[in-house]
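> Here is a sequence together with a model predicted from it:
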Amino acid sequence: MSKRTASTLALAALFTAGAATPAQAELPSYENTTDIPKSITTPDKVKTTIGTFQYFDGVPSEDTVEKVYDYVDRARAVDVFINMIPAVSMYHLRQGMRDMGLTQANQILIAEDMPDSKPLVLTWNNTSLYTWGFLDLKRDGPTVVELPPGVLGVFNDMYFRYISDIGAAGPDKGKGGKYLVLPPGYEGDVPDGYFVVRSQTYGVWNFMRGYVKKGAKEAADRIKGKLKVYPLAEKDNPPQTLFTNMSGLAAYKTILPNDFSFYESLDNLIQEEPIEFLDPVTRGQIAAIGIVKGKPFNPDDRMMKILTDAVAIGNAYARANTIFPRDPGHRVYKGADSEWVMAFADKDTYFLKDGARRFDSRLWMHYNAVVVTPAMALTKPGAGSDYLIAGLDSKHQAPDGAKTYKLHVPPDVPVKDNWSVTIYDTQTRSMLQTDQKFAGINSLGDGLKQNADGSYDVIFAPKRPNGVDERNWIQTIPGKSWFIIFRAYGPLEPWLDGSWRPGELELVE
């Protein structure tokens, strides 16, 4: 019998016998006795939402100890799920490539036929020619990325933190150039002739979006002809860049799990990265649930049960935060009865307010989307891009895939480049997989059917209603919900200041 168990049994005997404790009885007064504030003492019984706690003069019973340990372990595990979603999302973005045997920095994915609904990728869209790969600075050391002209991109680390823009918003100003990415703690020589960036993690996501003004083929050929990625040590004889087309690639699955395996993925990432990429508080929180660098993650039955419960609670919170965000900064049209929200609350891509971490805004972004860069939240007319997201209709109800809805788009959409509406599966936050390859509509190509006043009506329904032009119809699935993202590329002042705005999602029948 352990000392703790023996002591607790003795206390339990006191409780059972109904013996009076010092807190219950009037204590004698001694020479050094002073008045003890009631606020710093604990009664023998305290009722809480997780049960009644029992004490002997402030010493908790074994049942109370078990209750509070279970509760705190579960609370820490929930916080770990919420706080580490950015890291685990990035882990699975990379793991999706590793699962297909793409493990080298020069092995690059490119959506050369444009992104479609076959791969499972968080809210990517059908109007951008995406290209990406991953650097492994632990294996390769300092790594060079020779960037082609005419792209917009970014480096993010394995905690999905912004490192640097590349391309149009980066130091090369869209002309292309050589970037040198240095590993954590690198103290070696840094040669001239490079745009130098430093990472806090060994893994680095190398993301690019190609401009398609001249068509997808031109953009894909330009990137494939000029993009090079190689270790600095191999600069005199760099390996060939190997491209894999991820358009239609059903094998590519990148979505983070929302079951116990979330913690296993986190453990894998912790073992691979330098522990310094996390601050001591976050490390301690993760260690408290059994994930420690250099040690096996092997939770016992009790902890398995707690972690399984915690991830279910955390996942429910993430989904609630997505559809019913509490941070008012997510609302696009302030003071209006509108369901349009933005991914970055108040367009803050650093998730900080008055120096404090905006946990819910960071959670919203990383549970639903990828890529973090200030360029995604620009307020300069004609620059960058902007996004409106709607997960509820005008009556504040979740869309039903068996019903018909309409989105009215007023005339003269204020964009310099183009706009699009894409539909997403609420389960996977990836494009809804229907008979329509691209799960949405956009203003490129043949265009859309306009109303007499120059406006547009976008229709969402499981079957195309009579009289609705096929170009304006987005297919839904009976028995499933969905949400939409309205994207503007090169948004102009009326979009940015809200003087032009789309209608709400309206239920037709």
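Arrived safely, thanks for sending.

> Would you mind giving the domain segments of this structure?
In terms of domains, the chain is parsed into 3-60, 82-89+257-319, 101-245, 378-507 (source: automatic domain parsing).

> Adding mean pLDDT and mean neighbour count, write the ones you listed out as TSV.
No exception for glycine: its C-beta is placed from N, CA and C like everyone else's. Formatted as TSV, the domains of the chain follow (pLDDT from 0 to 100; neighbours: other CB atoms under 10 Å):
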stretch	mean pLDDT	mean neighbour count
domain 3-60	77	11
domain 82-89+257-319	98	17
domain 101-245	95	19
domain 378-507	94	18
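
> Export those domains as TSV, with columns for distance to residue 361.
Formatted as TSV, the domains of the chain follow (distance: least, CB to CB, whole Å):
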stretch	distance to residue 361
domain 3-60	28
domain 82-89+257-319	12
domain 101-245	13
domain 378-507	13
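
> Out of the ones you listed, which is closest to residue 341?
domain 378-507 (5.1 Å; CB to CB).

> re earlier: determine which of the domains of the chain approaches residue 364 most closely.
Here domain 82-89+257-319 is closest among the domains of the chain (CB to CB), at 8.3 Å.

> which element is residue 93 on?
According to DSSP states H and E, residue 93 maps onto helix 62-98.

> ok, now residue 458?
Using DSSP H and E, residue 458 maps to strand 456-461.

> can you check residue 108 too?
strand 107-110.

> quick one: that strand to chain centroid distance?
Relative to the chain's own centre, strand 107-110 is displaced by 22 Å; criterion: CA atoms, centre = their mean, to the nearest Å.

> got it, and stretch 213-220?
Distance, centroid of stretch 213-220 to centroid of chain: 29 Å (CA atoms, centre = their mean).

> Could you report the separation of the residue nearest in space to the middle of the chain from residue 288?
Geometric centre of the chain, nearest residue: residue 366, 0.9 Å, by CA atoms, centre = their mean. Per CB to CB, to the nearest Å, residue 366 is found 22 Å from residue 288.

> what does residue 351 give?
Taken as CB to CB, the span from residue 351 to residue 288 is 23 Å.

> Surely residue 379 touches residue 349?
No: using CB atoms under 8 Å, residue 379 is not in contact with residue 349, being 11.9 Å away.

> neighbours around residue 345, how many?
21 (other CB atoms under 10 Å).

> Helices along the stretch 101-250 of the chain, start to end?
Taking DSSP state H, counting those that start in this stretch as the criterion, the stretch 101-250 of the chain carries its helices at 137-140, 216-226.

> how much space between the closest residue to residue 207 other than its chain neighbours and residue 117?
Once flanking residues are discounted, residue 207 sits nearest to residue 132: 4.6 Å by CB to CB, 6 or more residues apart in numbering. The gap separating residue 132 from residue 117 is 18 Å, by CB to CB.

> Kindly report the same for residue 429.
12 Å.

> now do residue 40
Taking CB to CB, one finds residue 40 at 60 Å from residue 117.

> picking that back up, same list, the helices of the stretch 101-250 of the chain, but as JSON lines with distance to residue 441 please.
Formatted as JSON lines, the helices of the stretch 101-250 of the chain follow (distance: least, CB to CB, whole Å):
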{"stretch": "helix 137-140", "distance to residue 441": "41"}
{"stretch": "helix 216-226", "distance to residue 441": "17"}
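
> looking at those, which is closest to residue 269?
Short answer: helix 137-140, nearest of the helices of the stretch 101-250 of the chain by CB to CB, at 12.7 Å.

> can I get the CA coordinates of that closest one in PDB?
Only the C-alpha atoms of helix 137-140 are listed here, as PDB (Å, rounded to 0.1, in the frame of the first residue of the first chain):
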ATOM      1  CA  LEU A 137      16.800  21.800 -42.800                       C
ATOM      2  CA  LYS A 138      17.900  19.100 -40.300                       C
ATOM      3  CA  ARG A 139      18.800  16.700 -43.000                       C
ATOM      4  CA  ASP A 140      19.900  19.200 -45.800                       C
END
